[in-house]
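Visitor: With the sequence up front, the predicted model follows.
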Amino acid sequence: MRKLGVNTWVWVSPLTDDDLARLAPQIAGWGFDVIELPVEQPGDWDPVRARDLLDEHGLAASVVLVMPPGRELVAADTVAETQDYLRHCVDVAATVGSPVIGGPAYTSVGRTWRMSAQERLRAYAELRENLKPVLAHAAEHGVRLAVEPLNRYETSLINTVEQALEALPEEAGLTLDTYHLNIEEKDPAAAVRLAADRIAHVQVCGTDRGAPGQDRFAWPDFTAALDAAGYRGPLVIESFTAHNQTIATAASIWRPLAPSQDALAVEGLAFLRTL
């Protein structure tokens, strides 16, 4: 059976060592296989301590990168700092045993601007060039960079799988998130088939960012397309608590999406097992 995971953003942001020590046994006890660890700022949590804790509870790790204002790989003067941050995420992933770092590794979430067709091509060329040192570092450490298309309200650069395939170097994988696919793709299953062997990571949630399954998303079609594409990685629930100012604002979480955050995780896990 496919492994199932959950992102600690369901409960906290930023993640700390104490948070992880509290959440890991709970997540393992519910029956999750994978815990997803966001690197908001280097030093928020200790990768060595996390690795030992996850080993103790039989959990695998996935690592996600975070792009707040100022982290940019296109049309900005903070490219070098952003590359340093992404290399740090690679090092963290290698330490905790995550095969990927996933997320929108191109511009900060919420940054949008109008582009002509030629301007878009130039932005994609700049992105490919600026990803080269990050991809080289990832390859040296056996980690795959999995770049995530976001919906139109969170970026104007890469919204669809088709755009991602045009924009990214072949060495880069893709993170697919059902929330964004549901907004931007006419047929999410067809988008999965288009992405094919570039799929390196998959995040799931309901169409309202709540628990997967409590919505009208075509889940059987989606997972069948993942199987046909040869994706063997986990499905990781990514949602957010409304109580954290930074993440809640970036993801537009203005109200609770489940009776409790625990319920969101447990009910989502129960549904995913039916697939």
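Guide: Ah, there it is.

Visitor: Run through the helices of the stretch 1-150 of the chain in chain order.
Guide: If you assign secondary structure with DSSP state H, counting those that start in this stretch, the helices in the stretch 1-150 of the chain sit at 17-30, 47-57, 79-96, 117-140.

Visitor: buried ones in stretch 8-19?
Guide: 8, 9, 10, 11, 12, 13, 14, 15, 19 (16 or more other CB atoms under 10 Å). Yep, even glycine has a C-beta here, placed from its N, CA and C like the rest.

Visitor: can you check stretch 31-47 too?
Guide: When neighbours are counted by 16+ other CB under 10 Å, the buried residues of stretch 31-47 are found to be 32, 33, 34, 35, 36, 37, 38, 39, 40, 44, 45, 47.

Visitor: For residue 152, state which of those is nearest.
Guide: Taking CB to CB as the measure, residue 38 is the one of those closest to residue 152, at 22.9 Å.

Visitor: which SSE is the nearest residue in space to residue 216 that is not next to it in sequence in?
Guide: The spatial neighbour of residue 216 that comes closest, neighbours along the chain excluded (CB to CB, 6 or more residues apart in numbering), is residue 207 at 6.7 Å. Assigning secondary structure by DSSP states H and E places residue 207 outside every helix and strand.

Visitor: follow-up on the earlier one: of all the helices of the stretch 1-150 of the chain, which lies closest to residue 110?
Guide: The closest approach between residue 110 and any of these, judged by CB to CB, belongs to helix 79-96 at 15.4 Å.

Visitor: Report the distance from the closest one to the chain centre.
Guide: Relative to its parent chain, helix 79-96 has a centroid offset of 15 Å by CA atoms, centre = their mean, to the nearest Å.

Visitor: Kindly report the same for stretch 60-69.
Guide: In terms of CA atoms, centre = their mean, the centre of stretch 60-69 is found 6 Å from the chain centre.

Visitor: Quick one: end-to-end distance for that stretch.
Guide: For stretch 60-69, the first and last residues are 30 Å from each other (CA to CA, to the nearest Å).

Visitor: and the helix or strand containing residue 202, what does it pack onto?
Guide: Remark: residue 202 resides in strand 199-204, with elements defined by DSSP H and E. For strand 199-204, the helices and strands in contact under the criterion 3 or more CB pairs under 8 Å, 6 or more residues apart in numbering; DSSP states H and E are strand 100-103, strand 144-147, strand 173-177, helix 178-184, helix 219-229, strand 235-237.

Visitor: Tell me which of these sits nearest to residue 80.
Guide: When those are ranked by proximity to residue 80, the top entry is strand 144-147, at 17.1 Å, counting by CB to CB.

Visitor: who's in contact with that closest one?
Guide: Judged by CB atoms under 8 Å, 6 or more residues apart in numbering, the contacts made with strand 144-147 from elsewhere in the structure are 86, 90, 99-106, 131, 134-135, 138, 158, 164, 168, 171-175, 200-201.

Visitor: Narrow these to those that are buried.
Guide: Those of the contacts of strand 144-147 that meet the buried threshold are 86, 90, 99-106, 131, 134-135, 138, 158, 164, 168, 172-175, 200-201, by 16+ other CB under 10 Å.

Visitor: Name the residues of whichever strand or helix holds residue 193 that come out as buried.
Guide: Per DSSP H and E: residue 193 is located in helix 188-195. Judged by neighbour count (16+ other CB under 10 Å), helix 188-195 contains these buried residues: 188, 189, 191, 192, 194, 195.

Visitor: Any idea how many residues pack against the nearest residue to the fifth one once chain neighbours are set aside?
Guide: The shortest distance from residue 194 to any residue that is not its chain neighbour, by CB to CB, 6+ apart, is 5.2 Å, and that residue is residue 161. Residue neighbour count, defined by other CB atoms under 10 Å, stands at 25 for residue 161.

Visitor: Please tell me how far residue 161 sits from residue 137.
Guide: Distance of residue 161 to residue 137, given as CB to CB, to the nearest Å: 25 Å.

Visitor: My understanding was that residue 9 contacts residue 38; is that so?
Guide: Yes - counting by CB atoms under 8 Å, residue 38 is a contact partner of residue 9 at 6.0 Å.

Visitor: tell me the contacts of the nearest residue to residue 38 once chain neighbours are set aside?
Guide: In this structure, residue 38 finds its nearest non-sequential neighbour in residue 64, 5.0 Å apart by CB to CB, 6+ apart. With contacts defined as CB under 8 Å, 6+ apart, residue 64 is in contact with 7, 36, 37, 38, 39, 101, 102, 103, 175, 238.
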